[in-house]
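Engineer: give me the fold of what follows.
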Amino acid sequence: MRKKSRRSRHENLFNCFTCNIGSDKNRIFCIRQCIIYTGRLMHCLPILDQETLDFIQWLIPDENENIVQIVIGMLSKKEKAFFSDEILQCTENPATYPQEIDTITEKFSRGKIQRLIDRILPILEKKCKQLQYQGNSELETGMASLKKMFNLTDGEEQLCWLFFICAKWRQAQNYFMDHIELNDFSRRPHLLAVLDMDHREFSAILNGNLHKIEVLENDLSTVDLSTEFLNYLDSPSSEKLTKAFFTRIPKKTIPLAYHHIAKEETEQVLRLLQDKSKSSTHILLYGRPGTGKTTYAYGLAHHLKISAHQIIREESNMALNRRSAIIACLNMTNQGDGSLVIVDEADNVLNTRNSWFNRGETQDKGWLNQILEEPGARLIWITNTIDDIEESVLRRFAYSLHFEVLNRQQRLQLWQVILESNKAVRFFNTEDLEKLVQQYQVSAGVIDLAVKKAREMNLRTKEKFQQSVILALDAHERLLAGGEKKNRKEAIEKNYSLEGLNIQGNLGLLMQDLESFDAFLRQPKQTENRNMNLLFYGPPGTGKSELARYIGNRLQREIICKRASDVMDCYVGNTEKNIKDTFAVAEREQAILVFDEADTFLFNREMAQHSWEVSAINEFLTRMERYQGILVCTTNRMTGLDSASVRRFNYKIGFNCLKPQGNVIFYQKLLAPLTTTALNQNFENDLHTIGELTPGDFRVVRDRYAIMPQDRITPKALIDSLREESQIKKMHRGEKPIGFMN
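Structural biologist: The predicted structure follows:
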């Protein structure tokens, strides 16, 4: 029963191997390779233990009886009598011979073992000759493609075959790796015997192409190949294998004219990429996501009308996989006139500095430098950040382009170009476009697709066309936010105006100066360092932040609003870095930078208790002086500000609570639409008597009543709520409340 059970297990393993490998040709090829490996091993190293006999039996089961007779023929009469039980067992059932033969050969001398091996090797050789077929197996076709893609040597090919077969056939794994331990450094002679190569050839493999693409896992004790790389051999065709690494770029893309890149710069890049040169040509496109880098790269290829491929971006986006794909693409497409290769999301490939700490990956900078010097290669690299790219890599780019987030004026121009290109200008007037520009900060590709689809739906009315475009833009923003609706908190109040505010200073003159400064900033190639720093101070809710938004809307500039929590960091030096980065981003995007509660950064340095507090203030003051743009700082406390900071502001604008007439103005703007009852003179007189109200108080009352039906809201209820807000402020200061608050 024991023998029968073991035979059944052997057959199951063989059937499992046949199923995993696939077609008959694949199965025959792998069996033949295993026979070759076994023969080489036995020829160079006299190995003939039970595991080896087991493996031979599974490889050539039809030769069981022949091998049994060879062993019996080598025995003397005395030995035959001694091993009579074993001889009887294996002659009656040759399929169970390995255990019995191993018992017999344990008594053989080394010379006799060698003679037995010499008798078995011709059987293995004969079997190899019998395992023939026409053409190539699917595995061989896949290997030919891999060999071409990665420029593998014959020795590297043989190493791939060995590890592939062991990975796909459990019994080969059990014998070659678990029993013989071919991947162990101490068994290196066994591995060299199986591969039929010497130490010099194997050393070349360890430092060859498999090493360059980092699929060869080699440490001080073992050598192995990544399973993911070996799985590529499962691809039945060269075409499918190719698609695992790279693909052609889309046939259609948006025109180059949609991108806000200087014409002379685009022409420079086109000249560099026009023809395949003797040296390599690398172009770097970098900047924040969504700024049009990828569509610009596609546009370059379409304009040049050259063959172009992009490296596949798989989910994990590991540098190892990207490197394999880049080498494969260059080897397969850079023949003859060559092609343009686009490497999108190349951050993890190019940013090699601190790669282990940032992503847990070890990068080979030497490999990258070799790719950057590949003769005739033309590559466009696209990355969001360049902070951790080595200087030795940066200097190898023939040209680089920085893609900035478009400011409001540039987005307006972009909309106009796209609408004109899609013959959809009639669906949007100037006011419509200004609203879209203010609300949506999306790339040219997203706008173009939304407009194109609205055109394809044959929407003829302005309302339906705009609705289709807006729905598409909203859906895109939700998609990027993981399903969350975008918060447009920096948008100005719908009916905001300067009327009614109680401000110390000449707002008319301020706006004139701001418009002049805005015109100065928009001058091309501006080199003079000028800034406009505004300090808005006063009680909470008096309209400081809202005036900053109004200025942004008036000048058609974006607002970047920061609070202390956005930049303060518990680690030493990070607060200063965050301050620096915030000013840099605002200047790059030509936005108005607003710091709410700026007294956090600008308090008197003599009151500082820690050195890092002084350092943060110094950094803020330095950035204020160097900032080429409009800065607005708001504070509820004017006293206590650092004197050096106060003198750096061009304008200091004080905000106070509303005057009686201001109360009426803000009531009409924010509260009157909530009720159907008009404000009579008595109610207006009541409004005049309420002190210490701010625009913020009117917004609080408006939000409280906004969900109620208009016929249930009266001017009296609204005015009483305003009076309550005023009384609460007095209570907060410790003053005795009066009236209904008693």
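Engineer: make it CA atoms for all contacts and neighbour counts henceforth
Structural biologist: OK.
Engineer: contacting residues for the residue nearest in space to the middle of the chain?
Structural biologist: Nearest to the mean C-alpha position of the chain, counting by C-alpha atoms, centre = their mean, stands Glu345 at 5.8 Å. When contacts are counted by C-alpha atoms under 8 Å, 6 or more residues apart in numbering, Glu345 touches Arg313, Trp381, Ile382, Thr383, Asn384.
Engineer: what sits against the last one?
Structural biologist: Remark: with contacts taken as C-alpha under 8 Å, 6+ apart, Asn384 is in contact with Tyr286, Gly287, Arg288, Pro289, Glu345, Asp347.
Engineer: looks like Met568 contacts Thr575 (just checking).
Structural biologist: Yes. Between Met568 and Thr575 there is a contact at 5.0 Å, judged by C-alpha atoms under 8 Å.
Engineer: neighbour count: the two, which is higher?
Structural biologist: More crowded of Met568 and Thr575, by other C-alpha atoms under 10 Å: Thr575, with 22 against 17.
Engineer: looks to me like that one is in a helix.
Structural biologist: Yes. Judged by DSSP: H, G, I helix; E, B strand; the rest coil, Thr575 forms part of a helix.
Engineer: I'd like the distance between it and Arg288.
Structural biologist: 22 Å (C-alpha to C-alpha, to the nearest Å).
Engineer: equivalent analysis for Phe620, please.
Structural biologist: Counting by C-alpha to C-alpha, the gap from Phe620 to Arg288 is 24 Å.
Engineer: could you do Ala678 as well?
Structural biologist: In this view, Ala678 and Arg288 are 51 Å apart by C-alpha to C-alpha.
Engineer: find the least confident helix or strand in the protein, judged by mean pLDDT.
Structural biologist: Using mean pLDDT, DSSP states H and E, helix 2-21 stands out as the lowest-scoring helix or strand of the chain, at a mean of 37.
Engineer: now the helix or strand following it: mean pLDDT?
Structural biologist: Of the helices and strands lying after helix 2-21 in sequence (DSSP states H and E), the nearest is helix 24-44. For helix 24-44, the mean pLDDT works out to 92.
Engineer: list the buried residues for helix 24-44?
Structural biologist: In terms of neighbour count (16 or more other C-alpha atoms under 10 Å), helix 24-44 has its buried residues at 25-43.
Engineer: so what's the gap between stretch 111-127 and the chain middle?
Structural biologist: How far stretch 111-127 lies from its chain's middle: 57 Å, per C-alpha atoms, centre = their mean, to the nearest Å.
Engineer: and what of stretch 211-222?
Structural biologist: For stretch 211-222, the distance to the chain centre is 26 Å (C-alpha atoms, centre = their mean).
Engineer: please export the C-alpha coordinates of that stretch as CSV.
Structural biologist: Taking Å, rounded to 0.1, in the frame of the first residue of the first chain, the C-alpha atoms of stretch 211-222 are listed here in CSV:
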residue,chain,number,x,y,z
HIS,A,211,21.1,43.0,-12.8
LYS,A,212,20.5,46.4,-14.5
ILE,A,213,16.8,46.0,-14.5
GLU,A,214,17.0,44.6,-10.9
VAL,A,215,15.1,41.4,-11.5
LEU,A,216,18.2,39.4,-10.4
GLU,A,217,18.0,39.1,-6.7
ASN,A,218,21.5,38.4,-5.5
ASP,A,219,22.9,38.7,-2.0
LEU,A,220,25.8,37.2,-0.2
SER,A,221,24.1,33.8,0.3
THR,A,222,21.6,33.3,-2.5
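Engineer: what comes up buried for that stretch?
Structural biologist: By neighbour count on 16+ other C-alpha under 10 Å, the buried set for stretch 211-222 is His211, Lys212, Ile213, Glu214, Val215, Leu216, Asn218.
Engineer: for that stretch, which outside residues touch it?
Structural biologist: Contact partners of stretch 211-222, identified using C-alpha under 8 Å, 6+ apart, comprise 183-186, 205-206, 210, 223-226, 229, 320, 323-324, 327, 367.
Engineer: average pLDDT for that stretch?
Structural biologist: 77.
Engineer: stretch 696-714: end-to-end distance?
Structural biologist: The first and final residues of stretch 696-714 sit 20 Å from each other (C-alpha to C-alpha).
Engineer: alpha carbons of stretch 655-674, as PDB, please.
Structural biologist: Provided in PDB are the C-alpha atoms of stretch 655-674 (Å, rounded to 0.1, in the frame of the first residue of the first chain):
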ATOM      1  CA  PHE A 655     -11.700  97.500  10.400                       C
ATOM      2  CA  ASN A 656     -14.300  98.500  13.000                       C
ATOM      3  CA  CYS A 657     -17.800  97.400  13.800                       C
ATOM      4  CA  LEU A 658     -20.500  98.800  11.500                       C
ATOM      5  CA  LYS A 659     -22.000 102.300  11.900                       C
ATOM      6  CA  PRO A 660     -25.800 102.600  12.200                       C
ATOM      7  CA  GLN A 661     -26.200 103.200   8.400                       C
ATOM      8  CA  GLY A 662     -23.900 100.200   7.800                       C
ATOM      9  CA  ASN A 663     -26.300  98.100   9.800                       C
ATOM     10  CA  VAL A 664     -29.100  99.000   7.500                       C
ATOM     11  CA  ILE A 665     -27.000  98.400   4.400                       C
ATOM     12  CA  PHE A 666     -26.000  94.900   5.500                       C
ATOM     13  CA  TYR A 667     -29.500  94.100   6.500                       C
ATOM     14  CA  GLN A 668     -30.700  94.900   3.000                       C
ATOM     15  CA  LYS A 669     -27.900  92.900   1.400                       C
ATOM     16  CA  LEU A 670     -28.000  89.800   3.600                       C
ATOM     17  CA  LEU A 671     -31.300  89.600   5.500                       C
ATOM     18  CA  ALA A 672     -34.000  91.400   3.500                       C
ATOM     19  CA  PRO A 673     -34.100  88.500   0.900                       C
ATOM     20  CA  LEU A 674     -35.100  86.100   3.700                       C
END
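Engineer: how about residues contacting that stretch?
Structural biologist: Counting by C-alpha under 8 Å, 6+ apart, 495, 499-504, 536-539, 542-544, 678-679, 684, 687-695, 698-699, 701-702, 705-706, 710, 713, 715, 718 sit against stretch 655-674.
Engineer: any of those buried? List them.
Structural biologist: Members of the contacts of stretch 655-674 classed as buried by 16+ other C-alpha under 10 Å are 500-503, 536-539, 542-544, 679, 684, 687, 690-695, 698-699, 701-702, 705, 713, 715, 718.
Engineer: among those residues, which are located in helices?
Structural biologist: Applying DSSP state H to those, the entries found in helices are Lys544, Glu684, Leu687, Pro695, Phe698, Arg699, Val701, Arg702, Tyr705, Pro715, Leu718.
Engineer: now name the helix or strand holding Phe164.
Structural biologist: Assessed by DSSP H and E, Phe164 sits inside helix 154-168.
Engineer: list the helices and strands the helix or strand following that helix packs on?
Structural biologist: Counting by DSSP H and E, the next helix or strand C-terminal to helix 154-168 is helix 170-172. For helix 170-172, the packing partners by 3 or more C-alpha pairs under 8 Å, 6 or more residues apart in numbering; DSSP states H and E come out as helix 2-21.
Engineer: what residues of stretch 421-430 count as buried?
Structural biologist: For stretch 421-430, by 16+ other C-alpha under 10 Å, it's Ala424, Phe427, Phe428.
Engineer: quick one, strands of the chain?
Structural biologist: Using DSSP state E, the strands assigned to the chain run over residues 216-218, 223-225, 246-248, 281-287, 308-311, 340-343, 378-383, 399-403, 502-504, 532-537, 559-562, 592-595, 630-635, 651-656.
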